[in-house]
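> have a look; sequence and predicted model below, questions after that.
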Amino acid sequence: MNLIGPAPLSPYCVAMFAELGHFALILAFAVAIVQAGIPLIGAQKGWRNWMAVGEPAASAQFLLLAFSFAALTYAFVTSDFSLRLVVLNSHTAKPMLYKISGVWGNHEGSMLLWVLILAAFGAAVAWFGRDLPAGLRARVLSVQAMIGVAFIGFIIFTSNPFLRMAEPPFDGQGLNPLLQDPGLAFHPPFLYLGYVGLSMAFSFAVAALIEGRVDAAWARWVRPWTLAAWLFLTIGIALGSWWAYYELGWGGFWFWDPVENASFMPWLVATALLHSAIVVEKREVLKAWTILLAIIAFGFSLSGTFIVRSGVLTSVHAFASDPTRGLYVLVIFAVFMGSALTLFAARAGAMEARGVFAPVSRESALLLNNILLAVSAFVVFVGTIWPLVAEMAFGRKLSVGAPFFNVAFPPFMIGIAILLPIGALLPWKRGQLGRVLYRLRGALALAIAFALLAYAVQTGRSNLGPIGLALGAWVLAGTATDLWQRTGRGGGTGDRLKRLMRLPRADWGRGLAHGGLGIVIIGITSLLAWQIEDIRVAREGEPFTVGDYEITLDEVRQVQGPNYISTMATITARQDGKVVAVLHPEKRVYPVEAMPTTEADIDNGFWRDLYLVIGDRQEGGGWAVRTYVKPFANWIWGGAILMAFGGILSLTDRRYRVAAGARRRKRRIAATAAPAE
Amino acid sequence: MLRALALILAFLIALPALAVQPDEVLDDPALEARARELSQELRCVVCRGENIDESNAGIARDIRILLRERLKAGDSDQEVLDFMVERYGEYVLMRPTAKGANLLLWVAGPLMLLLALFVAFGYIRARSRASEREAAAALSPEEAKRLEELLGD
């Protein structure tokens, strides 16, 4: 017997964990059914004790699902090959990070993560939404639980992660090597936080429709949830794009692939929703439209899940596809969208606008912003489903690829970029275009100067670069002007600088998010316009020139990785005789999965990335080497992260904290006052 | 069925060749640039949404080489695309033509934008009329000044 250390857990105990997880999942399903019904009925009838069921039910549902997820994670970490899912998606030789990310690197596990996040948002309303009116909170929790019932049911009936193998194999089949990457390990959780976070906006919208009331207070409660979902979606999309950039081997960062579009459409609509909710909150107009956007945003999340899960629109990303599952999600989609839109049609008329505004005003500008964002999402949607429509309705098998989207989509973004600084400076209710343009004269001059400079420096290339640079500079300088204007007029520059530092975080948040957009525009257009590419056979020790760089392939050797074999090159890049970077691009073969991958090596820089890829050994000696100089590449993801950071700053703004503080104070007063009564 | 199987097999056993290979590159830089441009417009027919320029699949390489042969033979860009459509079907084009029902795809965005602008215009006009009514009912500047004085101290 083991008398020295603690006794290891008995194998029966370990194996039981998965059963307990399975059981917790089924219990969560039952709890969700209760939560979907009781609080809603309570709110309709005005029964307080029925409404109060929502809170403990939401907590219980979350805890049960968290336990279930933990049990599945445990099975992956301990390589419990009696579970079918672990066999199909894991391997003992896999590094720990990818054993854990393997939990959501497959259909069943990722759906479990989906419902876990859904329940987490529900629990967040139960825990942090104490200042919500009881009726609204009960209804929100009910709607949230209805979504939960649908998707937990989906897992239990079509995609159970806890299925056992009758005869556990000795080892697993591994995880797609493309997915064994830190960028992609965290890409799905963030994306799901965003997708599922939009369920909050949906639940609030449906609850408001049931109540028949939408006011400034409602918009104030919806905004932080939408903002949170939006910032997670931003991070998730940026991570995915960054992953594609360095992993797929030619430095593309966006492919207009159906799965990418599936995450981009909710982002566009969520961005519109963020802006329209501001109008509802400040001015009590655009109510019906905001409700509709909230429904559509979640609709895109659902259809995104459908697209990914069904594989109906085949794409690079469709690692999981199964038509029966697709049908189930389609039914969920139809039921939720159908009933929400019916409810909307019945009740939207009752929401009359309060505020009034002149044609030139921030209200109008935000309305235009919403139109451009919503229609651009519509364009992406039509392009994404068109191959399906064409095949089913017209019997034409065709493709809609990047060239279509690159023509159809950018005009909307150009419109938004031009409009943004003007709209941000326009006052509510009534403004004067001339006055705003006068304030933006500096930004306009800067934008034109940049365009001319770029046009002069680049000779004979497309106009994309100068236009992009001008738009980006316009948005950046316009945002700076906006922040500066907010410091008011009084006092000297020093006073204004002090006031600038003390501006509310929401102002800084909006400044960073808008500035981030300007940076993304500069990054994308510069990269597309000014990238240098070189493809050649390089012999060891013979330098060649790419742009300003002298590149030498020093050596190529075989290296053994933890679960792969690599052909690794050593390449030195020099500029003016000085070594800038020594890079090690690789070609890897993962024997378990029998799949090769290329691993580019990148020298990241503020102004440019140096991107190197090693190819095959050539018959006449030497190796195929691809070299890229990618100007401003990191601005794309840097800008996106800045946007997300702006969202975080906004979320931590005083007004939300003050509201929380006031709530606590009120409760304290109530607590001290109670005995005196 | 057999054809589909063959395609899947071709996809699976495609060696890790990198997109465009050095031996494919044409000597004439202008012609090569045109080839690269056209490659963006053509789909690797066995891949999931990749163009032939990016794809590592064997058939993508075949199409790339074929494309360069057509260019060397003096075809115009449109002639090359037509040739590919004839050979691989409409599916090979990454940018769908605006012919027939596809016209709908191309005009959907602009039409929707016009519709949205039209509705928004009506909405803004209604709101601004309400605003004018409100302004008319509001105090005149003199009245406002007087009120300020009264409330001032």
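Received the coordinates, thanks. Numbers count the residues shown, from 1 in each chain, chains lettered A, B, ... in the order given.
> mind checking if the helix or strand hosting A:A393 is in reach of chain B?
Element membership for A:A393, per DSSP states H and E: helix A:362-394. Yes - interface with chain B: helix A:362-394 contributes A:363-364, A:367-368, A:371, A:374-376, A:378-379, A:382-383, A:386, A:390, A:393-394 (Cβ under 8 Å from any Cβ of the partner chain). Placement of C-beta: from N, CA and C, glycine included.
> give me the pLDDT value at the closest residue to chain B within the stretch 51-200 of chain A.
For the stretch 51-200 of chain A and chain B, the shortest gap (Cβ to the nearest Cβ) falls at A:P177, measuring 11.2 Å. On pLDDT, A:P177 comes in at 72.
> let me see the contact set for the closest residue in space to it that isn't next to it in sequence.
The spatially closest residue to A:P177, leaving aside those adjacent along the chain, is A:Y590, at 4.2 Å (Cβ to Cβ, 6 or more residues apart in numbering or on different chains). By Cβ atoms under 8 Å, 6 or more residues apart in numbering or on different chains, A:Y590 lies in contact with A:174, A:177, A:180, A:563-564, A:596-597.
> now A:S159
Contacts of A:S159 by Cβ under 8 Å, 6+ apart are A:107-108, A:111, A:325.
> determine which two of those residues are furthest apart.
The two members of the contacts of A:S159 with the most space between them (Cβ to Cβ) are A:E108 and A:R325, at 9.9 Å.
> tell me which of the two has more neighbours.
The neighbour comparison of A:E108 against A:R325 (other Cβ atoms under 10 Å in any protein chain shown) goes to A:E108, with 24 against 21.
> which helices and strands does the longest helix along chain B pack with?
Selection of the longest helix in chain B by residue count, based on DSSP state H, yields helix B:102-137. Contact partners of helix B:102-137 among helices and strands, from 3 or more Cβ pairs under 8 Å, 6 or more residues apart in numbering or on different chains; DSSP states H and E: helix A:362-394, helix A:402-408.
> point to the residue nearest the middle of chain A.
By Cα atoms, centre = their mean, chain A has its centre lying nearest to A:L233, at 1.8 Å.
> ok, now which ones touch the residue in the stretch 101-250 of chain A positioned nearest to chain B?
Chain B sits closest to A:W250 of the stretch 101-250 of chain A, with a gap of 5.7 Å, by Cβ to the nearest Cβ. Counting by Cβ under 8 Å, 6+ apart, A:W250 touches A:613, A:626, A:628, B:18-19, B:54.
> burial count for residue 144?
Just going to use chain A. Look at A:Q144: counted by other Cβ under 10 Å, it has 30 neighbours.
> I was after chain B.
B:A144 - counted by other Cβ under 10 Å - has 11 other residues nearby.
> state the phi and psi torsions of the residue most central in space within chain B.
Nearest residue to the geometric centre of chain B (Cα atoms, centre = their mean): B:R95, 7.1 Å. Per-residue torsions, B:R95: phi -110, psi 100 (degrees, to the nearest 10).
> that one contacts A:P403, correct?
Yes - B:R95 is within contact range of A:P403, at 3.6 Å (criterion: Cβ atoms under 8 Å).
> residues shared between the contacts of those two?
By Cβ under 8 Å, 6+ apart, B:R95 and A:P403 have these common neighbours: B:E41.
> quick one: buried ones out of the residues of helix A:362-394 next to chain B?
Neighbour-count burial within the residues of helix A:362-394 next to chain B applies to A:363-364, A:367-368, A:371, A:374-376, A:378-379, A:382-383, A:386, A:390; the criterion is 16 or more other Cβ atoms under 10 Å in any protein chain shown.
> what's the farthest-apart pair in these?
Longest span within these, Cβ to Cβ: A:E363 and A:A390, 39.4 Å.
> that's a strand at A:R588, yeah?
Yes - residue state for A:R588 (DSSP: H, G, I helix; E, B strand; the rest coil) corresponds to a strand.
> domain ranges for chain A, per the record?
The record's domain parsing of chain A by automatic domain parsing lists A:9-180, A:532-634.
> please flag which of the contacts of A:W250 sit within strands.
A:613, A:626, A:628 (DSSP state E).
> how far away is the last one from A:G488?
Relative to A:G488, A:Y628 is positioned 47 Å away (Cβ to Cβ, to the nearest Å).
> neighbour count: these two, which is higher?
A:Y628 (23 against 10).
> quick one: contacts for residue 32?
All of this is about chain A. Residues near A:A32 by Cβ under 8 Å, 6+ apart: A:57, A:61, A:119, A:145, A:148-149, A:152.
> um, chain B though
Contacts of B:E32 by Cβ under 8 Å, 6+ apart are B:25-26, B:68.
> beyond whichever strand or helix holds A:L437, next helix or strand please.
Taking DSSP H and E as the criterion, A:L437 maps to helix A:433-439. Note on helix A:433-439: by DSSP H and E, the next helix or strand toward the C-terminus is helix A:441-457.
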